[in-house]
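In: No letters, just coordinates:
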Ligand SMILES: Nc1ncnc2c1ncn2[C@@H]1O[C@H](COP(=O)(O)OP(=O)(O)O)[C@@H](O)[C@H]1O
Ligand SMILES: [Mg+2]
């Protein structure tokens, strides 16, 4: 049977990629979860290059292996078979401790659930990874403030997560992911818990980091609309790459946002005259 990942259009073969070291190189990676009785073959021969400055959306049905791949890319887990090279260095054989070090220096993570510490201010949440990375005390706060500034939240440094909206909490989580100046930002369903306008705002922040700072960004999303903000979309199916394409007519969050209802208007519509929501039971099924 043909391996689809080798037949898909490969942006890695474009002239722009010639001679450059990929940030991510995945070579024929397999991941099997051994549950005793059964074995789950989550990844079945993935090969993939992602170059500096790319913005990739990984798509595919639930259970298709997206998070498994992200965990490997983020050095949280290792392949069962195959190689993973990060910035040209093979990390597939490293120990957990070595992986943890690489992770804290080069990779930022953002999760669907934000994963902020609730009794801890935004600033302290953002500072946390600098502690693990051994950044001197006086430098930590400066870096954390700078990271909060990059996501437009400098004025919320003292707020606790419960005092912030979902979108603001996710921005704090992005700042936390940026604080050690990684070259790679990984985000697994970063907009999965957010309404559509807030999702576009988050994509806007990721676009800005990608454009202005050259940060390589890889997100997982199951929403087609959200993938349109990336530059490249990779579709998974049953642990394999089914499709790998450059995004045509990419959406730019800065252009889309003014066309969306402002948050307060949306709220008034939803709560007030009901114009934006059909009454219960009136949904018509189109065939
Ligand atoms: N830690 C684990 N142990 C056992 N099976 C797992 C584990 N993580 C994921 N799986 C299984 O591997 C497959 C791929 O899962 P996952 O990578 O989470 O998919 P996705 O993120 O695309 O929804 C699924 O069948 C899932 O049940
Ligand atoms: Mg997942």
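Out: That came in fine, so what should we check first? Nothing here was measured: the structure is a model prediction, and the numbers come from that model. Ligands and ions are numbered 1, 2, ... in the order given.

In: Residue 58 against residue 68, yeah?
Out: No - at 10.9 Å, residue 58 does not count as touching residue 68 under the criterion of CB atoms under 8 Å. C-beta: built from backbone N, CA, C; applies to glycine.

In: ok, the two, which is more surrounded?
Out: residue 58 (27 against 22; other CB atoms under 10 Å).

In: Okay, and the more buried one sits in which element?
Out: Using DSSP states H and E, residue 58 sits within strand 55-60.

In: do residue 42 as well
Out: Per DSSP H and E: strand 39-50 holds residue 42.

In: Can you list the buried residues in stretch 40-59?
Out: 42-59 (16 or more other CB atoms under 10 Å).

In: Strand partners (parallel or antiparallel) of the strand holding residue 42?
Out: Applying DSSP bridges, strand 39-50 is found paired with strand 24-34 (antiparallel).

In: tell me the angle the partner strand makes with strand 55-60.
Out: Interaxial angle of strand 24-34 relative to strand 55-60 (axes from the mean of the first three to the mean of the last three CA atoms, to 10 degrees): 30 degrees.

In: how far off strand 55-60 does the longest helix that the chain contains point, in degrees?
Out: Taking DSSP state H as the criterion, the chain has its longest helix at helix 196-213. Computed by the same axes, to 10 degrees, the angle separating helix 196-213 from strand 55-60 equals 140 degrees.

In: For helix 196-213, give me every contacting residue.
Out: 53, 55, 150-152, 165-167, 170-171, 174, 178, 185, 187, 190-191, 194, 215-217, 219, 223, 225-226, 229, 251-254, 256-257, 260-261, 263, 266 (CB atoms under 8 Å, 6 or more residues apart in numbering).

In: Assess the claim that residue 73 and residue 84 are in contact.
Out: Yes - using CB under 8 Å, residue 73 makes contact with residue 84 at a distance of 7.3 Å.

In: Spit out the residues that contact the two alike.
Out: With CB under 8 Å, 6+ apart as the test, residue 73 and residue 84 both reach 24, 26.

In: Ranking helices and strands of the chain by mean pLDDT, which lands last?
Out: When the helices and strands of the chain are scored by mean pLDDT, DSSP states H and E, helix 4-7 comes last with a mean of 41.

In: Check whether the strand holding residue 42 comes near ligand 2.
Out: No - shown here: strand 39-50 not in contact with ligand 2 (CB under 5 Å from the ion), separated by at least 10.3 Å.

In: Now for the closest residue to residue 70 other than its chain neighbours: which residues touch it?
Out: Leaving aside its chain neighbours, residue 70 sits nearest to residue 188 (5.0 Å; criterion: CB to CB, 6 or more residues apart in numbering). Going by CB under 8 Å, 6+ apart, residue 188 touches 66-67, 70, 109-112, 219-220.

In: Turn those residues into CSV, columns for pLDDT and secondary structure.
Out: CSV is the format used below for the contacts of residue 188 (pLDDT from 0 to 100; DSSP: H, G, I helix; E, B strand; the rest coil):
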residue, pLDDT, secondary structure
66, 97, helix
67, 96, helix
70, 97, helix
109, 93, strand
110, 94, strand
111, 90, strand
112, 89, coil
219, 98, strand
220, 97, strand
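
In: Quick one: those residues as TSV, columns for neighbour count and distance to residue 19 too.
Out: Compiled in TSV, the contacts of residue 188 are given as follows (neighbours: other CB atoms under 10 Å; distance: CB to CB, whole Å):
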residue	neighbour count	distance to residue 19
66	25	30
67	18	32
70	21	28
109	20	30
110	25	31
111	18	35
112	18	37
219	26	27
220	24	29
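
In: just curious, which of these is nearest to residue 32?
Out: Lowest distance from residue 32 to the contacts of residue 188 (CB to CB) belongs to residue 67, with 15.1 Å.

In: Tell me where this structure has helices.
Out: Under DSSP H, the chain gives helices at 4-7, 66-73, 96-106, 122-132, 137-150, 166-178, 196-213, 224-227, 253-256, 263-271.

In: Can you list the buried residues in the third one?
Out: Yep, that's helix 96-106 we're talking about. For helix 96-106, using 16+ other CB under 10 Å, the buried residues are 99, 101-104, 106.

In: How far does stretch 189-199 sit from its chain's centre?
Out: Here the centre of stretch 189-199 is set off from its chain's centre by 12 Å, with CA atoms, centre = their mean, to the nearest Å.

In: buried residues in that stretch?
Out: 189-194, 197-199.

In: From one end of that stretch to the other, what's the distance?
Out: End-to-end distance for stretch 189-199, by CA to CA, to the nearest Å: 10 Å.
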